[in-house]
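J.: coordinates for the following, if possible.
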Amino acid sequence: MKILFIESENLSILFDFQKNAVSISPARLPPKPRESSGQPENIPMSRCIDDKPRVRWMQPELLQVKGETFVSLRDPAGIQADIMLLSPLAYQLTQLMDGLHSRPQILEQARERWGVRLQAEQLDQLLNSLEERYVLDNATSRGYLRDLACRPAAHAGSAYPADPRELAEFLNQLIGSEAPREKQAGSAYLIPHIDLRRGRESYAQAYRHARSSLEDFDLFVILGITHAYSHNPFVLTRKDFETPLGRVETDQDLVEKLAADLPFDPFLDEFNHLGEHSIEFQLVFLQHLRSRPVKIVPILCGSFQECLETPRWPEEDPRVAAFLERLGEVVPRSRTCWLASVDLAHMGQRFDGPPLSVPALQKIEERDRESIAAAVAGDARGFLATLQADRGQRNYCGTSAIYSLLQVLKPGSGTLLNYQQCNEPGLTSTVTVASVSFP
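T.: Next up is the predicted model:
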């Protein structure tokens, strides 16, 4: 483990370079110019030139290290594969780096809010260190994103085998050869994005059902969920996707048409696509089951939680209304398959709730089936209303994608293929999932 300390009066930042095997390797980072060759290796040499710096969103967690408190930052995009530990003050300063505050304003806010008088050089030191590690959302990190040939396979070797032959065998075993219960294949599906092994039966039922018709489609619209924070309700990318089974082409023309004249920037949080699994998991199934290349429109959906806690329709947000209208206009209905990559309830201790019991699981299933019944009926607002009834307490990780698919397609009645509860030992927590087809 290599540790780099950058210290100054009242401000310190510590980086822990313990590698995260499931992240994109830092070897992928393009080389950066060094200011001079004579500087010590443990001093960051990149310079941040941003007048109003903005940090990319990172997953924070408080940690105790040798009796001291630090804030751990994990990069969900995997650009920075190392875990970063910041002092509380350094972390507080990053919260002022929103692209709106200038450097002098950040120093002034630090003095007014926390009574800390920092020198400009101290803030520069922190910013340079963040610049070195692609933490800032600026020309450096955007350049890294721009220069990526395609979106790498972020979860190969962890969530599923990285070797193509092993992956094919893994998927064959997961899907099985059992004939689908319903013979008529669908043109739209709700499919889980939970760990492939835990959600095995729901994945299997969906792809057995879809298998016979997958060759008929020229385009797949995949509505995934962004598990990282997003500023806007939908996130697009122009990047093709890479998996162990090859490259998946993104229909860039359709993406550009979809993005045109929206009242928000759908590429603002494009970094979220890099580490997200909800689209990647569906791609390996599609590649495995088809004999010809897959073309996609990859869309990450943000949270609709506020629409549940304070009940209202998502289209009351003009960004949602504009995007759903455009999505219905630009995507051809013929020879297009729609996939919503979604999980359902997240309940129990892991999700800040009480431990579960058999009666509690039965109650969750009862409420889930009410929500699924509305979705199967193709009723977008009826589905949302079942979640608004309990103010979103079931923590559905799929609300926005399910609602969007139903509201755009208005598919009519579908078929529930499978429902299951993925319980943890001792019934401490559960994640519920389902697969649904729409003809």
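J.: just to be sure, Leu62 is in a helix?
T.: No. Applying DSSP: H, G, I helix; E, B strand; the rest coil, one finds Leu62 to be strand, outside a helix.
J.: give me the distance between Pro259 and Asp253.
T.: Quick fix: residue 259 is Ala, not Pro. Distance, Ala259 to Asp253, using C-beta to C-beta, to the nearest Å: 11 Å. Just so you know, the C-beta spots here come from the backbone N, C-alpha and C atoms, and that holds for glycine as well.
J.: more neighbours, those two?
T.: Between Ala259 and Asp253, Ala259 has the larger neighbour count (other C-beta atoms under 10 Å), namely 18 against 9.
J.: and the residue nearest to the more buried one when sequence neighbours are not counted, how many residues sit next to it?
T.: Once flanking residues are discounted, Ala259 sits nearest to Pro266: 5.1 Å by C-beta to C-beta, 6 or more residues apart in numbering. When neighbours are defined as other C-beta under 10 Å, Pro266 has 22 of them.
J.: where in the chain is pLDDT low?
T.: Applying pLDDT under 70 to the chain picks out residues 1-45, 179-183.
J.: show me where it has its helices.
T.: Counting by DSSP state H, the chain has helices at residues 88-94, 103-114, 120-132, 139-147, 164-175, 200-211, 252-259, 272-275, 280-289, 305-309, 318-330, 358-376, 380-388, 399-409.
J.: out of those helices, which is the most enclosed?
T.: Mean neighbours per residue, mean count of other C-beta atoms under 10 Å, is largest over the helices of the chain for helix 399-409, with a mean of 25.
J.: that one packs against which elements?
T.: For helix 399-409, the elements it packs on are strand 188-191, strand 219-225, strand 295-301, helix 318-330, strand 336-341, helix 380-388, judged by 3 or more C-beta pairs under 8 Å, 6 or more residues apart in numbering; DSSP states H and E.
J.: partners of the third one, with directions?
T.: Taking DSSP bridges as the criterion, strand 295-301 pairs within the sheet with strand 219-225 (parallel), strand 234-236 (antiparallel), strand 246-250 (parallel).
J.: could you measure from the residue nearest in space to the middle of the chain over to Cys150?
T.: Centroid check for the chain by C-alpha atoms, centre = their mean gives Thr226 as the closest residue, at 2.8 Å. To Cys150, Thr226 is 19 Å away according to C-beta to C-beta.
J.: now render the helices and strands packed on helix 399-409 as JSON lines, adding distance to Ala90.
T.: Listed next are these as JSON lines, based on distance: least, C-beta to C-beta, whole Å:
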{"stretch": "strand 188-191", "distance to Ala90": "41"}
{"stretch": "strand 219-225", "distance to Ala90": "31"}
{"stretch": "strand 295-301", "distance to Ala90": "29"}
{"stretch": "helix 318-330", "distance to Ala90": "33"}
{"stretch": "strand 336-341", "distance to Ala90": "36"}
{"stretch": "helix 380-388", "distance to Ala90": "38"}
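J.: of all the ones you listed, which one is nearest Asp137?
T.: strand 295-301 (16.7 Å; C-beta to C-beta).
J.: any idea how far that closest one is from the chain center?
T.: Mean C-alpha position of strand 295-301 versus that of the full chain (C-alpha atoms, centre = their mean, to the nearest Å) differs by 12 Å.
J.: try stretch 370-387
T.: That offset, for stretch 370-387, works out to 24 Å (C-alpha atoms, centre = their mean).
J.: list the contacts of it.
T.: Residues outside stretch 370-387 that contact it (C-beta atoms under 8 Å, 6 or more residues apart in numbering) are 190, 304, 307-308, 311, 313-314, 344, 367, 394, 396, 399, 402-403, 406-407, 409-416, 419, 434, 436, 438.
J.: break the chain into its domains for me.
T.: Domain assignment of the chain by automatic domain parsing yields the ranges 3-147, 164-438.
J.: make a markdown table from those domains and add distance to His155 to it.
T.: Converted to a markdown table, these look like this (distance: least, C-beta to C-beta, whole Å):
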| stretch | distance to His155 |
| --- | --- |
| domain 3-147 | 7 |
| domain 164-438 | 5 |
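J.: closest to Gly157 out of the ones you listed?
T.: For these, distance to Gly157 was read as C-beta to C-beta. The smallest value, 7.7 Å, belongs to domain 3-147.
J.: the closest one: how far from the chain's middle?
T.: 22 Å.
J.: and stretch 286-301, by the same measure?
T.: Stretch 286-301 has its C-alpha centroid displaced from the chain centroid by 17 Å (C-alpha atoms, centre = their mean).
J.: what's the first-to-last distance across that stretch?
T.: Criterion C-alpha to C-alpha, to the nearest Å; first-to-last residue distance in stretch 286-301 is 20 Å.
J.: repeat that for stretch 242-261.
T.: End-to-end for stretch 242-261, by C-alpha to C-alpha: 29 Å.
J.: what does it contact?
T.: Stretch 242-261 has contacts (C-beta under 8 Å, 6+ apart) with 150-153, 156, 161-164, 167-168, 219, 236-241, 266-267, 280, 283-284, 286-288, 293-298, 323, 326-327, 330-331.
J.: ok, Tyr144 to Gln349 distance?
T.: According to C-beta to C-beta, Tyr144 and Gln349 sit 38 Å apart.
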